[in-house]
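Visitor: how would this look folded up:
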Amino acid sequence: MRIAVPLIFASLLASMVSVRAQEKKESVTPAVYRVEFNIRDGSEAAAKAGRRYAMLIESNGKGTFRTGNRVPYATVGMQPGQYQYFDVYVNIDCRLRESNEKVDLNADIELGGIVEHEKGAATNPPNPTVATIRLSVATILGLGKPALVASINDPVTMRKFDVEATVTKVD
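Guide: A predicted model of the protein is given here:
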């Protein structure tokens, strides 16, 4: 009986150690991806290069990108030197999911800005026009290959926006 108790205790201990070893093997570090958005505004002189926004996201993870400025403008009928402010910004929310050698990309992109009026159109500068573009993208991308994921022709301002996305795996 004395030999049986230590033998049972040793076998229980060995089974617990093997379970711990299996748990460690199964916890794999998730892959990390670099997601890059290139947004080109056809009405800007720098439209060929576009504006680039990049973030690192774990597989099956989410990334959030927020950038912007507050732009002052003089208000009519108020005391000289009084201003109100518009937010000029880019907001990107992005989710990734691995799918074989490709990646499912879901992104919500919001652009807010001020449309410049033609110079010399009026003696007093007109009130600024605020432009906002919101889009949701759901697509499957090959790794490392840029793809046009959205193209927008704004019927009010006659501006054209192209949104290109590239996803690369970071080692």
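Visitor: CA-only coordinates of the helix or strand harbouring Val35 in PDB, if you can.
Guide: Taking DSSP states H and E as the definition, Val35 sits inside strand 32-41. Output of strand 32-41 as PDB, limited to C-alpha atoms (Å, rounded to 0.1, in the frame of the first residue of the first chain):
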ATOM      1  CA  VAL A  32       1.000  41.100 -37.100                       C
ATOM      2  CA  TYR A  33       0.000  42.900 -40.200                       C
ATOM      3  CA  ARG A  34       0.800  46.400 -41.500                       C
ATOM      4  CA  VAL A  35      -2.300  48.000 -43.100                       C
ATOM      5  CA  GLU A  36      -1.600  51.000 -45.300                       C
ATOM      6  CA  PHE A  37      -4.300  53.200 -46.800                       C
ATOM      7  CA  ASN A  38      -3.400  55.600 -49.600                       C
ATOM      8  CA  ILE A  39      -6.100  58.200 -50.200                       C
ATOM      9  CA  ARG A  40      -5.800  60.400 -53.300                       C
ATOM     10  CA  ASP A  41      -7.800  63.500 -53.900                       C
END
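Visitor: please name every helix or strand in contact with it.
Guide: Secondary-structure packing of strand 32-41 (3 or more Cβ pairs under 8 Å, 6 or more residues apart in numbering; DSSP states H and E): strand 51-58, strand 83-99, strand 102-115, strand 160-170. Backbone N, C-alpha and C define where each C-beta goes, glycine included.
Visitor: save those strands as CSV, and put in mean neighbour count too.
Guide: What follows is those, written out as CSV (neighbours: other Cβ atoms under 10 Å):
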stretch, mean neighbour count
strand 51-58, 15
strand 83-99, 15
strand 102-115, 18
strand 160-170, 17
